[in-house]
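**Q** I'd like to go over a predicted model; first the sequence, then the structure.
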Amino acid sequence: MTESADAVVVGAGHNGLVAANLLADAGWQVLVLEAADRPGGAVRTEELAAPEFHSDLCSAFFPMTAASPVFAGLDLGRYGLKWRHAPEVVAHVLPDDRSVVLSRDLDRTARSVSEFAAEDGDAWRRMYDQWSRLRDPFLDALFRPFPPVRAGMRLLRRVGTAEGLRLARMVTLSARTFTDEWFAGEGARLLLAGNAMHADVGVDNAGSGVFGWLLAMLGQDVGFPVPEGGAGQITAALVRRLTSRGGKVVCGRRVDKILVASGQAVGVRDAEGQPVRARRAVLADVPAPALYLDLVGAEHLPARLVDDLSRFHWDPATVKVDWALSGPVPWIAEQVRGAGTVHLSADMDGLSAFTVDLARGRTPRDPFLLLGQMTTADPSRSPAGTEAVWAYTHVPHGQRWDNAKLARAADRIERVVERHAPGFSSLVVGRAVQGPGDLQGHNPSLVDGAINGGTSAIHQELFLRPVPGLARADTPVQRLFLASASAHPGGAVHGGPGSNAARAALARNGWAGGGYQATINAAHRLIYG
């Protein structure tokens, strides 16, 4: 007898697990198939650098998770998830070792940015007041299916037409222009610009300002929390919640094909050739190119969609170093010692130069680093008195990395940290280096070390993500839904793509499912011909 479930979810990354949970909540029988030997995708924790030092393989700090209405609805605290916070949220260290700190204490942040320009403390307060007015409807609009009609109307009612128009303009600004308009000093500007660099959009590119604004305001609001015990605890809580509702996760079982009949997804076939029937839906937490071109196949897709996929742009690749230290990082700038996240060694022009190098396909000579002091944020990550630390930087996508080249890049990263924390290297008792190929080896969705599921540049956002279309989880293959970071609203651990895919599957199978599918089909004919 052929194995079957109401829904088959391909991939047990956080988006796949979010989708599975929401379908299980609706009473569906859900089966999640994962190629790796453990669930979680990029949300996993291992002892990489040394025994008893717990390193997150990729995702490490989770402001988007803490603020996400999707995760709020899942109530993972009931399933063992506990949040921890570093004393300070983010510190940005300039090349000359001046530093600025973002704290959950608004007064503390205001004092820090005022050290660079006296008026910037009040400007920061005004920005946070704006955020407080926009927060709930803005987040609802961001994380819900596109177009966010109801959330958008709530947002417009909250701010009014005049401010709504100015908000639309703000969304288009580069981080440089945005911060120049708000602040006089480097401190506040770099807090936002450094946060913009968590996406892959350069500080001079249109749309980068809103990324910096969003993460900085979330940092001020909810902080950059970490799960006690490691990022993998998010995955563990999602799996516990799912299994408590009858869902099933099977690891070490790779899906090789989406089975399509008469234009509908009817199931999947695994690497051993075994079929699994999907009675209602197939949801795929894999990158868009892998779903369409590998699992489905061009023969089942509109020619225009296949052509659009040839223009899909990945985000830059990543080189990451994890260290086990015998003591805390000896920063020259004392206030950096309490920060969970550190943006290291770039002023605004340095950030520009870094992204220009990436755009030109050159490995930056002066890497901008994102660094995490994990034991500072969560003491359970390493033995008392020690520190588990990581840092990563971006490199051009598509380059070849052998061990020697990767070691040189890791040494360069370590020298940057040593320059701002003399004696750092003498504290290292273990080091683990992950290049683009290593990251993809841990999680095939991190294609060549791209951690965002495709670029966040404005030409691949909203109704342009992953290709020009509806910005919805629905695909041209009926009953097949894209649930990965390649879908709107993109990367980071907020569950938006998984939630949107589950909502679409439920709508397709609801009482008005026929009308829903007819509308989607008509839209796809218009878009793809």
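**A** Received, thanks. The structure displayed is predicted, hence computed values, not measured ones.

**Q** how much space between Thr376 and Val336?
**A** Separation of Thr376 from Val336 (Cβ to Cβ, to the nearest Å) stands at 10 Å. The C-beta positions use only the backbone N, C-alpha and C, and glycine is treated the same way.

**Q** swap that for Pro87, please
**A** Relative to Val336, and taking Cβ to Cβ, Pro87 is found at 11 Å.

**Q** Kindly report the same for Ile413.
**A** Distance of Ile413 to Val336, given as Cβ to Cβ: 17 Å.

**Q** just Phe368 next, same as before
**A** Distance of Phe368 to Val336, computed by Cβ to Cβ: 16 Å.

**Q** So for those two, which residue has more residues nearby?
**A** Val336 (24 against 20; other Cβ atoms under 10 Å).

**Q** Verify the contact between the more buried one and Val342 for me.
**A** Yes - using Cβ atoms under 8 Å, Val336 is in contact with Val342, at 6.0 Å.

**Q** anything in contact with each of those two?
**A** Ala91, Val93 (Cβ atoms under 8 Å, 6 or more residues apart in numbering).

**Q** Tell me the confidence at Arg154?
**A** Looking at Arg154, its pLDDT stands at 81.

**Q** Can you name the residues that contact it?
**A** With Cβ under 8 Å, 6+ apart, Arg154 has these contacts: Asp136, Pro137, Asp140, Ala141.

**Q** And the strand or helix carrying the second one, how far out from the chain middle?
**A** It refers to Pro137. For Pro137, the element it lies in under DSSP states H and E is helix 120-143. In this view, helix 120-143 has its centroid 21 Å away from the chain centroid, taken as Cα atoms, centre = their mean, to the nearest Å.

**Q** Just want the angle from the following helix or strand past that helix to helix 120-143.
**A** Later in the chain than helix 120-143, the nearest helix or strand by DSSP H and E is helix 149-172. Helix 149-172 and helix 120-143 are oriented at 140 degrees to each other (axes from the mean of the first three to the mean of the last three Cα atoms, to 10 degrees).

**Q** buried residues in the worst-scoring helix or strand of the chain on mean pLDDT?
**A** One helix or strand of the chain scores below all others by mean pLDDT, DSSP states H and E: helix 149-172, with a mean of 81. Buried residues in helix 149-172, counted by 16 or more other Cβ atoms under 10 Å: Ala151, Gly152, Arg154, Leu155, Val159, Glu163, Leu167, Met170.

**Q** Distance to Ala483 for these - can I get that in TSV?
**A** Shown next, in TSV, are these (distance: Cβ to Cβ, whole Å):
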residue	distance to Ala483
Ala151	20
Gly152	23
Arg154	25
Leu155	25
Val159	31
Glu163	34
Leu167	29
Met170	30
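
**Q** quick one: which of the residues you listed is nearest to Asp105?
**A** Met170 (25.6 Å; Cβ to Cβ).

**Q** Go ahead and confirm that closest one touches Trp213.
**A** Yes - Met170 is within contact range of Trp213, at 7.5 Å (criterion: Cβ under 8 Å).

**Q** what is in contact with the two at once?
**A** Phe178.

**Q** sorry, back to before: make a PyMOL selection of the buried ones in the contacts of Arg154.
**A** Selection of buried members from those for PyMOL, criterion 16+ other Cβ under 10 Å:
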select buried, resi 137+140+141
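
**Q** Contact partners for Ala188?
**A** Val100, Val113, Phe116, Ala117, Asp120, Ala123, Trp124, Thr179, Trp182.

**Q** Please indicate which of those residues are buried?
**A** Buried members of the contacts of Ala188, counted by 16+ other Cβ under 10 Å: Val100, Val113, Phe116, Ala117, Asp120, Ala123, Trp124, Thr179, Trp182.

**Q** and which of the residues you listed is nearest Ala388?
**A** Val100 (24.5 Å).

**Q** Contact partners for the closest residue to the closest one other than its chain neighbours?
**A** Using Cβ to Cβ, 6 or more residues apart in numbering and skipping the chain neighbours, the partner closest in space to Val100 is Gly187 (3.6 Å). By Cβ under 8 Å, 6+ apart, the contact list for Gly187 reads His92, Val100, Ser112, Val113, Glu115, Phe116, Ala117, Asp120.

**Q** Report the secondary structure state of Gly187.
**A** helix (DSSP: H, G, I helix; E, B strand; the rest coil).

**Q** again with Gln335
**A** At Gln335 the chain is in helix, as set by three-state DSSP.

**Q** How many residues are close by it?
**A** 17.

**Q** That one and Val90 touch, don't they?
**A** No - using Cβ under 8 Å as the test, Gln335 is too far from Val90 to be in contact (11.3 Å).

**Q** Contact partners for Gly219?
**A** Here Gly219 is in contact with Pro63, Val89, Val90, Leu102, Arg104, Asn195 (criterion: Cβ under 8 Å, 6+ apart).

**Q** any idea how far Val222 is from the second one?
**A** So that's Val89. Val89 sits 9 Å away from Val222, going by Cβ to Cβ.

**Q** Quickly list what's touching both of these two.
**A** What both Val89 and Val222 touch, as defined by Cβ under 8 Å, 6+ apart, is the set Arg104.

**Q** Looking at these two, which is more packed in?
**A** Ranked by neighbour count (other Cβ under 10 Å), Val89 and Val222 place Val89 first, with 31 against 19.
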